[in-house]
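S.K.: Pasting the sequence and the predicted coordinates here, then a few questions.
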Amino acid sequence: MEQEVILSVKNLHVKFDLRGKTLNAIRGISLDLYKNESLAIVGESGSGKSVLVKTFMGLLDANGKITDGQIIYEGKDLTKFKTEKEWLTVRGKKIAMVLQDPMTSLNPLKTIGYQICEAIELHQGLKGAEAKAQAAKILQDVGITEPEMRMKQYPHEFSGGMRQRVVIAIAVACKPKILICDEPTTALDVTIQAQILNLLKDLKVKYNLTTIYITHDLGVVANVADRIAVLYAGDIVEIGTCEEVFYNPRHPYTWALLSSLPQLGIKGENLYSIKGTPPNLFTDIKGDAFAPRNPHALKIDFVKRPPYFDVSPTHKARTWLLDPRAPKVEPPKILGKLREGVKNID
Amino acid sequence: MIETNEKQPLLQVKNLDITFGTHKNKFHAVKNVSFDIYKGETFGLVGESGSGKTTIGRSIIRINPTSGGEILYKGEKINGKISKERDRELTRQIQMIFQDPMASLNERAKVDFIVSEGLYNLKEKFSSFQRKAKVGKALSDVGLLPEFASRFPHEFSGGQRQRIGIARALIMEPDFIIADEPISALDVSIRAQVLNLLSELQKKRGLTYLFIAHDLSVVRFISDRIAVIHKGELVELAETEKLFAHPLHPYTRALLSAIPLPDPIAEKNKKLLVYDPNMHNYSVDKPVWCEIESGHFILANNPEIEKYKKQLENS
């Protein structure tokens, strides 16, 4: 691929100290983020998707540590950053984040205008009236009408969808290069969700952003993503373009995730559900982390961790099933329904 | 399929009105809502936040007082003033499952107490041995081990906690369960497990569900009939597949168009419909709640009814 790499993660390991025990949250992730793409990171809760993006901004909790690996951004290794001062050159300025719950990510005691101007003044050096004019312009961009009047209001005077727009406005106020959206619409209604996703897509073009979405909603992923990375137990098990992952998934975990969608369920029959529970990350995982829950698991899955097998230049998966010596296993039939297209409403 | 009019209504809601506050601060949360829920079915109630769907659910289990209309359960009125005796009996028969399993369990109580708390309110008293046996059975019914009774809620994952919430409802041996967004706080893979559990229990025990949700794809999978609510008013009610095949009301259509599809090509090309309540001209001709075809209700005025009827004929 001749696409320009904007952020590169190399063999990243993150560990947490919890009550004297060590939790392996990220187990050797390597990932290249291309300029102007939109990457979706999908996984269950506890799979490490939020931890992964927090390392990009130096926001790991105090008990978390990067034990190995590099994160290269603009020629610098972010894992070497120690002081807040160093982080402030990147956090908010180059890489910004939209959090999940708009109800809790705004300060209820400050006006909306103050909260946006705060970011603008800090990172762009504009003052007073200039900052306000800039803030009003950004609010207009995120679809808030009468921005001058709305800037004097407090968060409680905004609805959930409007608040999320404000949070997005604050995030893009500093013209970041990378925008991380951590479950941007989970707390919102379907109709509002669709509007916010459209807004994010528009802003991406307008502000020339590279976006990372973290979500467990595969419907949202299909809407916004160019590429998808599927995370399981702190490791990327499959990565490919949106079409490749949806129409030609190769890892059994991706199969299971897609099969359990209620959109594919047949009424009166049981919905497919993944057996068992995610592995305990306090212990060292031997072999493929998904093997104990995998009905297609091979003997080697329990012994040796599979490497990545290339399916296409853009698509790779970490499963022994792709080894030429492995028996042929067909993906579940139900996934064929995805390709027929879940019936669209005219 | 059995004709709707042959089925037994278990719960009837007639012209229900619910208001909060008084005088100037009065807020009309639910306006003139009527529907029937038949025995053994799953009735989906869909709407955005603030539309009043939870309020309706809460008024059925008598948490919210009603200000107009009637709620009939097995033919008898259950809203307004009723005897204490009957109130207790209704609490047993109608149970609720809540949205957030992280918030709905008492963190300081053991699972044993959480699950069996309802039993203490019954007239019938149980010995501690009987009670423990009931807790054990309720837990194994929802796929948990009876030994879990001695643990605290924080020791469980989200999916397991939601199962505890379901066990707590089941121990009362209810006929009717109100499930208020029971899976929206859960992970995709856990969702499927809980949905399967709910439909399994329905088959085994002949339960009736009122399933409140905002996610239409989930409601489609589990419900027999769906009612769509907007700003406290029902706008459309029909059998699930009928509603998905021929949505008539513009709000229903907007809601259906907003469902995220797990299909990149369809999703990237889909057209989003936006509902604007001002599109209706209700200044002269007021809308009424009427049955446009058998089992398909809609809120519309006369010219609109004509229009919708034509649409149905053409489709």
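M.R.: On my side now, so go ahead. Numbering: from 1, shown residues only, chains lettered A, B, ... in the order given.
S.K.: Which helix in the chain has the most residues?
M.R.: This is for chain A. In chain A, assigned by DSSP state H, the helix with the most residues is helix A:190-206.
S.K.: think we crossed wires, I meant chain B
M.R.: Under DSSP H, chain B gives helix B:188-205 as its longest helix.
S.K.: count of neighbours near the closest residue to B:R131 other than its chain neighbours?
M.R.: Excluding its sequence neighbours, the residue lying closest to B:R131 (CB to CB, 6 or more residues apart in numbering or on different chains) is B:S116, at 5.3 Å. Any C-beta I mention is one placed from the backbone N, CA and C, and that applies to glycine too. Per other CB atoms under 10 Å in any protein chain shown, the neighbour tally for B:S116 reads 22.
S.K.: next one: B:K7
M.R.: 14.
S.K.: Now do it, the pLDDT please.
M.R.: We have a pLDDT of 75 for B:K7.
S.K.: what residues are up against it?
M.R.: B:Y38, B:K39, B:E41 (CB atoms under 8 Å, 6 or more residues apart in numbering or on different chains).
S.K.: For the stretch 151-300 of chain A, which residues are neighbours of chain B?
M.R.: A:160, A:189-195, A:198, A:216-223, A:225, A:242-243, A:246-247, A:256-258, A:260-265, A:267, A:270-274, A:277 (CB under 8 Å from any CB of the partner chain).
S.K.: Check the gap between the closest residue to chain B within chain A and A:T185 for me.
M.R.: Relative to chain B, the nearest point of chain A is A:G219 (2.5 Å; CB to the nearest CB). In this view, A:G219 and A:T185 are 10 Å apart by CB to CB, to the nearest Å.
S.K.: Pick out whichever of the two has more residues nearby.
M.R.: Set side by side, A:G219 and A:T185 show more neighbours around A:T185, with 27 against 21, by other CB under 10 Å.
S.K.: State the phi and psi torsions of the more buried one.
M.R.: phi -120, psi 10 (degrees, to the nearest 10).
S.K.: okay but it is in contact with A:V220, surely?
M.R.: Yes: A:T185 is within contact range of A:V220, at 6.3 Å (criterion: CB atoms under 8 Å).
S.K.: Give me the common contacts of the two.
M.R.: What both A:T185 and A:V220 touch, as defined by CB under 8 Å, 6+ apart, is the set A:Q193, A:L197.
S.K.: How about A:A222: what's its closest non-neighbour residue?
M.R.: B:E267 (4.1 Å).
S.K.: For the one you found, which residues are in contact?
M.R.: B:E267 touches A:G219, A:A222, A:N223, B:P260, B:L261, counting by CB under 8 Å, 6+ apart.
S.K.: mind running it again at 6 Å?
M.R.: Applying CB atoms under 6 Å, 6 or more residues apart in numbering or on different chains, we find B:E267 in contact with A:A222, A:N223, B:L261.
S.K.: Are any of the residues you listed buried, and if so which?
M.R.: Buried members of those, counted by 16 or more other CB atoms under 10 Å in any protein chain shown: A:A222, A:N223, B:L261.
S.K.: Need the three-state assignment for whichever residue of chain B sits closest to chain A.
M.R.: Of all residues in chain B, B:P260 sits closest to chain A, at 2.5 Å by CB to the nearest CB. Three-state assignment for B:P260 (DSSP: H, G, I helix; E, B strand; the rest coil): coil.
S.K.: Repeat that for A:N270.
M.R.: What three-state DSSP gives for A:N270 is coil.
S.K.: Could you pull up the contacting residues of it?
M.R.: Contacts of A:N270 (CB under 6 Å, 6+ apart): B:N196.
S.K.: Give me the pLDDT for it.
M.R.: For A:N270, the model assigns a pLDDT of 81.
S.K.: list the buried ones in the worst-scoring helix or strand of chain B on mean pLDDT?
M.R.: Least confident element among the helices and strands of chain B, by mean pLDDT, DSSP states H and E: helix B:264-269 (a mean of 80). Residues of helix B:264-269 classed as buried: B:P264, B:A266, B:E267 (neighbour count, 16+ other CB under 10 Å).
S.K.: Please identify the helix or strand for the spatially most central residue of chain A.
M.R.: Nearest to the geometric centre of chain A sits A:I214, at 2.2 Å (CA atoms, centre = their mean). In this structure, A:I214 sits in strand A:210-215 according to DSSP states H and E.
S.K.: cool, B:V13 as well?
M.R.: Assigned by DSSP H and E, B:V13 falls in strand B:9-20.
S.K.: who are the neighbours in contact with A:I95?
M.R.: A:F56, A:M57, A:P176, A:I178.
S.K.: how deep is the third one tucked in, by neighbour count?
M.R.: In other words, A:P176. 21.
S.K.: cool, the second one as well?
M.R.: Counted by other CB under 10 Å, the residues lying close to A:M57 total 18.
S.K.: can you check B:G21 too?
M.R.: 10.
S.K.: before we move on, what about A:K206?
M.R.: By other CB under 10 Å, neighbour count at A:K206 equals 10.
S.K.: again with the one 10 residues further on
M.R.: Using other CB under 10 Å, A:H216 is surrounded by 21 other residues.
S.K.: A:I26 too?
M.R.: Close neighbours of A:I26, defined as other CB under 10 Å, add up to 28.
S.K.: Can you list the neighbours in contact with the helix or strand hosting it?
M.R.: A:I26 is part of strand A:21-34, with elements assigned from DSSP H and E. Applying CB under 6 Å, 6+ apart, the contact partners of strand A:21-34 are A:3, A:5-16, A:48, A:51-52, A:234-236, A:281-282.
S.K.: from those, which ones fall inside helices?
M.R.: A:V51, A:L52.
S.K.: among the contacts of strand A:21-34, which ones are buried?
M.R.: Here, 16+ other CB under 10 Å leaves A:6-7, A:9-10, A:12-16, A:48, A:51-52, A:234-236, A:281 buried among the contacts of strand A:21-34.
S.K.: List just the nearest of the residues you listed to A:P313.
M.R.: A:I236 (16.6 Å; CB to CB).
S.K.: Quick check: pLDDT value at A:Q124.
M.R.: pLDDT recorded at A:Q124 is 82.
S.K.: What is the neighbour count of it?
M.R.: Residues near A:Q124, counting by other CB under 10 Å, number 15.
S.K.: Residues of chain B that sit close to chain A?
M.R.: B:48-49, B:187-189, B:192-193, B:195-196, B:214, B:217-218, B:221, B:256-258, B:260-264, B:266-267, B:272 (CB under 6 Å from any CB of the partner chain).
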